[in-house]
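A.B. asks: Take this sequence and fold it.
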Amino acid sequence: MTETAELFDRIEQSENILIACHRNPDADTLGSGTALAFFISYELKKQVKLFCVDSLPKNLSFLNSEQFLLPRDELNLKNFNLIICVDCADYSQTGITEELLKIRGQIFTVNIDHHQTNTQYADLNIVKSASATAEIICKLLMEKKATFTKEISTALLTGIISDTTYFTNAGTTKESMSLASELMKSGANIKTIVKNTWKKNSPEALKIWGKILSQLEFNEEHKIVTAVIGRDDSLAPEVFEGLANFLTTLYEANIILVMRETPDNLIKCSLRTIKDHIDVAKLAQKFGGGGHAKAAGFSLTGRLEKTEHGWRIV
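C.D. replies: Below is the predicted model of the structure:
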């Protein structure tokens, strides 16, 4: 039995299905999960819930994910026959590792992802090299001969557009472009996607960008650009990622490192590169993170302190 056949066989045998997105949800995890939820609910007529340990980004409300959303305080994995994790490289990315480990061997789990650092943690692992997890979901639904509604097409295109940085980064392929074209033919609303995921910066956010850009550090020896967002600089996670992607235009830099302090004493680090010979996922893994060769991330506990020699973690 193929992976696709086993996935849909499991779905069709299950009455209550949970789709888990990763913490600090982005357009790919939410677009992938929402598209799958629409298909399972409206075409297969199954009960499906979407779960994310963190709040959904306001700029992605156009995906209409909320109709499937399961509140954190109502989560009980034993209520489900099947759990599908989307865009999660390992259990920890879901934010509910303990709960998932408790039901291991009792409830069938599926892992659909495109991260090269994926740990193959589920009963069924559909992990492939692709521009986005949304691309994998798109191909799975095509194999199933699913009906690509406007909602499904828009959700999938949102994930692909986001993870390819509007078809400009190294993850962009002929296949991702071809699938995007097919999704637009099926009614994906690209104007709405671009309006909400790209042209979304407020004047306040751009002022913070200006402050951050004025304090960039450039390591001449290793050609690493570092940008720091302090805990007092309120910047939405999606804007934080946008800044990291924007800084890749600095061609002299080998690696872009953007660090953001959070009120709960965490430092979220985002790594980017456009250099063919550099794999930032390997660097992120050394700090407990992961991702792709050209875009990865990790988190550290502590606070950032500026010294005469640069930034340090205390």
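A.B. asks: mind checking the backbone torsions on Gln106?
C.D. replies: The phi/psi pair for Gln106 (degrees, to the nearest 10) reads phi -110, psi -40.
A.B. asks: Can you tell me the element Lys211 falls in?
C.D. replies: In this assignment (DSSP states H and E), Lys211 forms part of helix 203-213.
A.B. asks: With Asp9 instead?
C.D. replies: In the assignment (DSSP H and E), Asp9 maps to helix 3-13.
A.B. asks: can you pull the buried residues of that helix?
C.D. replies: Of the residues in helix 3-13, those buried under the neighbour-count criterion (16 or more other C-beta atoms under 10 Å) are 3, 7-8, 10-11. Placement of C-beta: from N, CA and C, glycine included.
A.B. asks: Switch those over to TSV; also include distance to Leu101 and pLDDT.
C.D. replies: Listed next are those as TSV, based on distance: C-beta to C-beta, whole Å; pLDDT from 0 to 100:
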residue	distance to Leu101	pLDDT
Glu3	23	93
Leu7	22	97
Phe8	26	97
Arg10	20	97
Ile11	23	97
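A.B. asks: any idea which of the residues you listed is closest to Asn169?
C.D. replies: Within these, distances to Asn169 taken as C-beta to C-beta reach their minimum at Glu3, with 26.8 Å.
A.B. asks: In this structure that closest one contacts Ile126, no?
C.D. replies: Yes: taking contacts as C-beta atoms under 8 Å, Glu3 lies within contact range of Ile126: 5.0 Å.
A.B. asks: rewinding a little: now do the helix holding Asp9: which elements does it pack against?
C.D. replies: Applying 3 or more C-beta pairs under 8 Å, 6 or more residues apart in numbering; DSSP states H and E, we find helix 3-13 packed against strand 108-113, strand 124-127, helix 133-143.
A.B. asks: Could I get these in TSV, plus columns for mean pLDDT and distance to Ala188?
C.D. replies: Conversion of these to TSV gives the following (pLDDT from 0 to 100; distance: least, C-beta to C-beta, whole Å):
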stretch	mean pLDDT	distance to Ala188
strand 108-113	98	20
strand 124-127	98	22
helix 133-143	98	10
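A.B. asks: Ile160 is nearest to which of those?
C.D. replies: helix 133-143 (5.0 Å).
A.B. asks: before we move on, back to that, what do Glu3 and Ile126 both touch?
C.D. replies: When contacts are counted by C-beta atoms under 8 Å, 6 or more residues apart in numbering, the set common to Glu3 and Ile126 is empty.
A.B. asks: gap between His114 and Ser61?
C.D. replies: Counting by C-beta to C-beta, to the nearest Å, the separation of His114 from Ser61 is 24 Å.
A.B. asks: swap that for Leu82, sorry
C.D. replies: Distance from Leu82 to Ser61, counting by C-beta to C-beta: 27 Å.
A.B. asks: same thing with Glu12?
C.D. replies: Spatial separation of Glu12 from Ser61 under the definition C-beta to C-beta is 30 Å.
A.B. asks: cool, Glu6 as well?
C.D. replies: Applying C-beta to C-beta, the value for Glu6 to Ser61 is 33 Å.
A.B. asks: just Phe68 next, same as before
C.D. replies: Distance check for Phe68 against Ser61: by C-beta to C-beta, it reads 13 Å.
A.B. asks: repeat for Gln13
C.D. replies: Taking C-beta to C-beta as the criterion, Gln13 is separated from Ser61 by 33 Å.
A.B. asks: just the helices in the chain please.
C.D. replies: When assigned using DSSP state H, the helices of the chain occupy the ranges 3-13, 27-38, 97-102, 133-143, 150-163, 174-185, 190-197, 203-213, 237-246, 280-285.
A.B. asks: need the least confident one among those, by mean pLDDT.
C.D. replies: Out of these, the stretch the model trusts least by mean pLDDT is helix 237-246, with a mean of 66.
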